[in-house]
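>>> sequence below, structure please.
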Amino acid sequence: MELVLGYLLIFTAKTADMSMATVRTIMSMRGRRLEAFLIGFIEVIIWIVAIGRVLDNLDDPFNVIAYALGFASGGYVGIILEERMALGDLIVQVITYKKAMNLVDSIREAGFGVTVVEGNGRYGINHLLNVTIQRKNLAKLHRILDQHDATAFVTVTDARAIKGGYFTKMKR
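Numbering: from 1, shown residues only. As a prediction, this is how the structure comes out:
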């Protein structure tokens, strides 16, 4: 029983460590220094406990297997955590071939700011909509887009920093 608890400790510690590493990396990329620092501090303590347990018992291959499984699981769990946290802002660009103003009105009614630019594409005049949103609102925006123009061309990119505009007023 003690051996199984040891394997479970290694697996759980490494899963937590890797989950935190994933979230910390994303926090760093988004410029959240303090959060990244604190997560990194705790992450290393957990890592030392896990690796110490493995190195103390290298003759037991199940320790190494538990560590490897925790590593793999931790990356997976970290991505799920980050998606659920939905931190940060996105820039969504939409190219629609249908009447853009109906879509623009729907987007604005939902509380999002949108800028429309007229462009000339392969099939003539179309409209490029620039929408800046919080990540947690992406599914809501996709529902609006699907209702209006399921064939719209949509790209989504991370916004590192935002200054000014309607979006900033909404966040306050």
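>>> contacts for the biggest strand by length in the chain, please.
Using DSSP state E to assign secondary structure, the strand with the most residues in the chain is strand 124-134. Strand 124-134 is contacted by residues 86, 88-97, 100, 103-104, 107, 112-120, 141, 159, 162, 165, 167, 171 when judged by C-beta atoms under 8 Å, 6 or more residues apart in numbering. For every residue, glycine as well, the C-beta is placed using N, CA and C.
>>> for it, buried residues please.
Of the residues in strand 124-134, 126-129, 131-134 count as buried by neighbour count, 16 or more other C-beta atoms under 10 Å.
>>> what mean pLDDT would you report for that strand?
When the per-residue pLDDT values of strand 124-134 are averaged, the result is 89.
>>> and it, how far from the chain's centre?
Its chain's average C-alpha position is 22 Å from that of strand 124-134, according to C-alpha atoms, centre = their mean, to the nearest Å.
>>> and this structure, what are its domains?
Following automatic domain parsing, one finds the domains of the chain at 2-85, 89-171.
>>> which one of those domains has the most crowded surroundings?
Using mean count of other C-beta atoms under 10 Å, the stretch among the domains of the chain with the largest mean neighbour count is domain 2-85, at a mean of 16.
>>> Glu43 is in what secondary structure piece?
Of the helices and strands defined by DSSP states H and E, Glu43 is found in helix 33-56.
>>> who's in contact with that helix?
Contacts of helix 33-56 with the rest of the structure, by C-beta under 8 Å, 6+ apart, involve 6, 9-10, 13-14, 16-17, 20-21, 23-24, 27-28, 63-64, 66-67, 70.
>>> helices of this structure, start to end?
For the chain, the helices identified by DSSP state H occupy 2-29, 33-56, 61-85, 100-109, 138-148, 165-171, in order along the chain.
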